[in-house]
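J.: Sharing a sequence plus its predicted fold:
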Amino acid sequence: MTKRLGKDFYENKTLKVAQNLLGKFLVRKIGNRVIAAKIIETEAYCGPKDRASHASRGRTERTKIMFGPAGQAYVYLIYGMYYCLNVVTEKDGYPAAVLIRALEYSKADGPGKLCRELKIDKKLNAVNLTKNDKLWLEDRGEVIKPSQIERSPRIGVDYAGEWKDKPWRFVIKSN
DNA sequence: AGATTGATCCAT
DNA sequence: TGGATCAATCTG
């Protein structure tokens, strides 16, 4: 059973989507080559008050995508050298997204390397993951039980004050 | 621990 | 318009 995730999957509470994404497959089509890899690590960025989220400083040219409807890709450049891939969640108007941090594929552990391996760059920013033929997500029937999920604080957000310790990072155990 | 690297954001 | 900042990674 293989089914592309639709808007109903993304239009949900971000913490729930972040956990549901574990075990799903990220599919990237480059020319005639198709790469599919299981998602094993995610992080949730929730709402305008989450200081770790780019959206916490309000709607800007870069972050407006996070305020948009669920099911779009949010791709941005960080530290001048690496791209990070997020998927937008929740209702149109509410800024939230899930960062895809690692895949069970080659050396794609870490959001920067992941995007390098899959050739994800700014051209894929704002694409609709439910419709386009270059990048999308699939349910291949794998079920991840809550007991297989490990929670921990998010990476690289020490500047976020009280928000930095929230256990909003999700990893499949034994990876 | 330090260097890298450049788009983005906001204010000296 | 300029300077500080950064959801990272590599090298030592």
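T.: Received it, and whenever you're ready, just let me know what you need. Numbering: from 1, shown residues only, chains lettered A, B, ... in the order given.
J.: partners of the longest strand seen in chain A in the sheet?
T.: Identified as the longest strand of chain A according to DSSP state E is strand A:33-46. Sheet pairing here is set by DSSP bridges, and for strand A:33-46 it gives strand A:25-30 (antiparallel), strand A:96-104 (antiparallel), strand A:169-172 (antiparallel).
J.: right, so of the ones you listed, which gets closest to DNA strand C?
T.: strand A:96-104 (3.8 Å; C-beta to the nearest atom of the strand). C-beta here means a position set from N, CA and C on the backbone, and glycine is covered the same way.
J.: Give the buried residues for that closest one.
T.: A:96-103 (16 or more other C-beta atoms under 10 Å).
J.: Which of the three states applies to A:Tyr76?
T.: strand (DSSP: H, G, I helix; E, B strand; the rest coil).
J.: can you pull the contacts of it?
T.: A:54, A:62, A:83-84, A:86, A:122, A:125 (C-beta atoms under 8 Å, 6 or more residues apart in numbering).
J.: mind running it again at 7 Å?
T.: By C-beta atoms under 7 Å, 6 or more residues apart in numbering, the contact list for A:Tyr76 reads A:62, A:83-84.
J.: Likewise for A:Lys24?
T.: So A:Lys24 contacts A:5, A:39, A:137-139 (C-beta under 7 Å, 6+ apart).
J.: Which of those residues fall in strands?
T.: A:39, A:137-139.
J.: now, which of these sits nearest A:Gly71?
T.: Closest approach to A:Gly71 among the ones in strands among the contacts of A:Lys24 (C-beta to C-beta): A:Leu137, at 9.3 Å.
J.: What separation do you get for that closest one and A:Asp8?
T.: Applying C-beta to C-beta, to the nearest Å, the value for A:Leu137 to A:Asp8 is 13 Å.
J.: That'll do, ta.
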